[in-house]
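> Pasted the sequence and its predicted model underneath.
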Amino acid sequence: MVHTLPLVSTKPLIRRQIGHWLQAATRLAAYEQLASPGAWAGVDQGLGLKIRAFLTQSITNLLLSGKQLQVQLDQATTEAALLEIRKQVIRFRSQYVKCETTVHLYTDAINSRTTPQVAALLRACDALCAQSMQEVLSKVGNQPVPSVLTYIDKGLGASIMKAGLRLWDSSTSPVAVIKITRHNLLRPTSAIHETGHQLAHILDWNEELARALRTGLQAKSGLAADEYAGWASEIAADAFAFVHTGYAAVAALHDVMAGEVWSVVQYHLGDPHPISYLRVLLATEMCRQCFGLGPWDELERAWVDFYQIKNSGSHAALIIQACLSVLPQAVEIILRQRFRAFGGRALTEIVNPLRVRPDELAKLEYVAGPALFTNHAWIWKECLRLLALSGLKIATADDPAPEYQRQEEWMQRLGWSVNLN
């Protein structure tokens, strides 16, 4: 037998639930307490204001929903009205959880700026990411560059929550939030890969590149054409990192991909990432087509020698062989085919990779001299090529420790000078 609580008993129960979630939302409004004052101070002032305004609006909307529920409860006089309000309380509870998740995305990211030194390094990463997009967007429709908030976290790979994407609470992210892995903080070429995702999203390059790969490779291998097309979004981001930072991006990608043999040759149906074995070879082919001979050739030989395809009859092996047969053509399409996304130009016509060819980087270092790593004007103007140069030296030096030290020093200078620009 079902017992129905009288109106007088149900109302206090609902009022208590609404009060609990409203009280939690009110505490959430003190989001500044979720990251330390030092961490907030480590964020560029303009970026911090944008994040604060966004979070305040999201929480204000949440509080308004709760207060409207309280008014509806006060006015409810029937069991049917109370039943509807109870359903709305459940939705309000869900709304709170989603808003809380959104708030913590930003405050947790900000709180990774644990010291002034770490904050300066992350401000440098913010600037590197923004400049990589500025170079393209200023030439294609003169579009605004999204703000970037980078943060440190554990793990092997970087990631991005793109600006303009819908968040858990149905708000739209005002900034790109990019994870920098701790092991690559002093070699953050992967952050440029992530801004490549943001740029491809803004310009709608992914789908256009996928069509170009499918069409351009179909005659030689339908299997390879379909696979490359399915990997277009990650290939686009890898290419974006390459044209900006050259071999530095390739060496860093290699070090992240170089895991157990089974994982390097493994194929995952529907995964937007190329098979790791192929992904590194795509990167070395980009070097070969743009730079000619170089240290990437030795890296490629060592890669192929160590990660041998043993089970030649497996599905993964068949895909690898098919994709290898058209790999140079795929790279040609990626780098040199003209796309509507770039205003009828190729990626390499927008960002010239020859500027990060090893001999050009050596010329830059010779012309600028020691000031390249210490002078504010040089560092701000050439920070992306500095990243390419430092990454190249780290990848090729017998003892990379001094290069890591020098990279940390110029990144610190870049981070401390952000507000001057």
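Good, I have the coordinates.
> give me the low-pLDDT residue ranges for this protein?
1-8, 419-421 (pLDDT under 70).
> Could you rerun that using 90?
Within the chain, the ranges that satisfy pLDDT under 90 run 1-10, 141-143, 170, 309-313, 418-421.
> Neighbours of residue 137, how many?
When neighbours are counted by other CB atoms under 10 Å, residue 137 registers 19. Just so you know, the C-beta spots here come from the backbone N, C-alpha and C atoms, and that holds for glycine as well.
> ok, and the closest non-adjacent residue to it?
residue 143 (4.5 Å; CB to CB, 6 or more residues apart in numbering).
> What's the local residue count around the one you found?
Other residues near residue 143 number 15, with proximity taken as other CB under 10 Å.
> from memory it sits against residue 202, does it?
Yes: applying CB atoms under 8 Å as the test, residue 143 and residue 202 come out as touching, 6.6 Å apart.
> Can you work out which residues contact both of the two?
Shared contacts of residue 143 and residue 202 (CB atoms under 8 Å, 6 or more residues apart in numbering): residue 137.
> Assign residue 148 to helix, strand or coil.
Classification of residue 148 by DSSP: H, G, I helix; E, B strand; the rest coil places it in strand.
> and it, how many neighbours does it have?
By the criterion of other CB under 10 Å, residue 148 has 27 neighbours.
> Skipping its backbone neighbours, what lies nearest it in space?
Using CB to CB, 6+ apart and skipping the chain neighbours, the partner closest in space to residue 148 is residue 129 (4.2 Å).
> For the one you found, which three-state class applies?
Applying three-state DSSP: residue 129 is helix.
> show me what contacts it?
Contact analysis of residue 129 by CB under 8 Å, 6+ apart lists 148, 150, 176, 178, 191, 192, 194, 195.
> Mind listing the residues bridging to the first one?
When you say that, I think you mean residue 148. Beta-bridge partners recorded for residue 148 (DSSP bridges): residue 176.
> can you pull the contacts of it?
Applying CB under 8 Å, 6+ apart, we find residue 148 in contact with 47, 125, 126, 129, 130, 175, 176, 178, 195.
> Export these to TSV and append columns for distance to residue 116.
Listed next are those as TSV, based on distance: CB to CB, whole Å:
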residue	distance to residue 116
47	17
125	15
126	15
129	20
130	21
175	22
176	23
178	21
195	25
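> Type out the ChimeraX command that picks the buried ones from the residues you listed.
The ChimeraX selection below is limited to those of those classed as buried (16 or more other CB atoms under 10 Å):
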select :47,125,126,129,130,175,176,178,195
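> Relative to residue 80, which of the contacts of residue 148 is nearest.
Using CB to CB, residue 175 is the member of the contacts of residue 148 that sits closest to residue 80, with 44.3 Å.
> can you give me the helices for the stretch 151-300 of the chain?
Applying DSSP state H, counting those that start in this stretch to the stretch 151-300 of the chain gives helices spanning 189-203, 205-217, 222-230, 232-245, 247-257, 261-264, 276-291, 295-306.
> What helices and strands are in contact with the longest one?
By that I understand helix 276-291. Where contact means 3 or more CB pairs under 8 Å, 6 or more residues apart in numbering; DSSP states H and E, helix 276-291 is packed against helix 232-245, helix 247-257, helix 261-264, helix 295-306, helix 315-325, helix 327-336.
> Reformat those as a markdown table; add mean neighbour count.
Below are those laid out as a markdown table (neighbours: other CB atoms under 10 Å):
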| stretch | mean neighbour count |
| --- | --- |
| helix 232-245 | 26 |
| helix 247-257 | 23 |
| helix 261-264 | 14 |
| helix 295-306 | 15 |
| helix 315-325 | 17 |
| helix 327-336 | 19 |
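> Redo those as JSON lines? Include distance to residue 29.
JSON lines is the format used below for the helices and strands packed on helix 276-291 (distance: least, CB to CB, whole Å):
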{"stretch": "helix 232-245", "distance to residue 29": "36"}
{"stretch": "helix 247-257", "distance to residue 29": "39"}
{"stretch": "helix 261-264", "distance to residue 29": "45"}
{"stretch": "helix 295-306", "distance to residue 29": "52"}
{"stretch": "helix 315-325", "distance to residue 29": "51"}
{"stretch": "helix 327-336", "distance to residue 29": "47"}
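> Ok, which of those comes nearest residue 289?
For residue 289, the closest of the helices and strands packed on helix 276-291 is helix 327-336, at 5.7 Å, according to CB to CB.
> contacting residues around the closest one?
With contact meaning CB under 8 Å, 6+ apart, helix 327-336 is reached by 209, 212-213, 216-217, 220, 224, 228, 235-236, 239, 243, 278, 281-282, 285-286, 289-290, 323, 346-348, 353.
> now the residues you listed: which count as buried?
Judged by 16+ other CB under 10 Å, buried ones among the contacts of helix 327-336: 209, 212-213, 216-217, 224, 228, 235-236, 239, 243, 278, 281-282, 285-286, 289-290, 323, 346-348, 353.
> residues near residue 157, how many?
13.
> show me the contacts for the nearest residue in space to residue 135 that is not next to it in sequence.
Excluding its sequence neighbours, the residue lying closest to residue 135 (CB to CB, 6+ apart) is residue 351, at 5.8 Å. Under the criterion of CB under 8 Å, 6+ apart, the neighbours of residue 351 are 135, 136, 240, 243, 244.
> in stretch 306-314, what counts as buried?
For stretch 306-314, by 16+ other CB under 10 Å, it's 307, 309.
> again, but for stretch 78-90
Using 16+ other CB under 10 Å as the test for burial, stretch 78-90 gives 82, 85, 88, 89.
> got the CA coordinates for that stretch in PDB?
The C-alpha coordinates for stretch 78-90 follow below in PDB (Å, rounded to 0.1, in the frame of the first residue of the first chain):
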ATOM      1  CA  THR A  78      -1.300  21.400  -4.600                       C
ATOM      2  CA  GLU A  79       0.300  17.900  -4.500                       C
ATOM      3  CA  ALA A  80       0.700  18.100  -8.300                       C
ATOM      4  CA  ALA A  81       2.700  21.400  -8.000                       C
ATOM      5  CA  LEU A  82       4.900  19.900  -5.300                       C
ATOM      6  CA  LEU A  83       5.600  16.800  -7.500                       C
ATOM      7  CA  GLU A  84       6.700  19.100 -10.400                       C
ATOM      8  CA  ILE A  85       8.900  21.100  -8.000                       C
ATOM      9  CA  ARG A  86      10.600  17.900  -6.700                       C
ATOM     10  CA  LYS A  87      11.500  17.000 -10.300                       C
ATOM     11  CA  GLN A  88      12.900  20.500 -10.800                       C
ATOM     12  CA  VAL A  89      15.000  20.000  -7.600                       C
ATOM     13  CA  ILE A  90      16.600  17.000  -9.200                       C
END
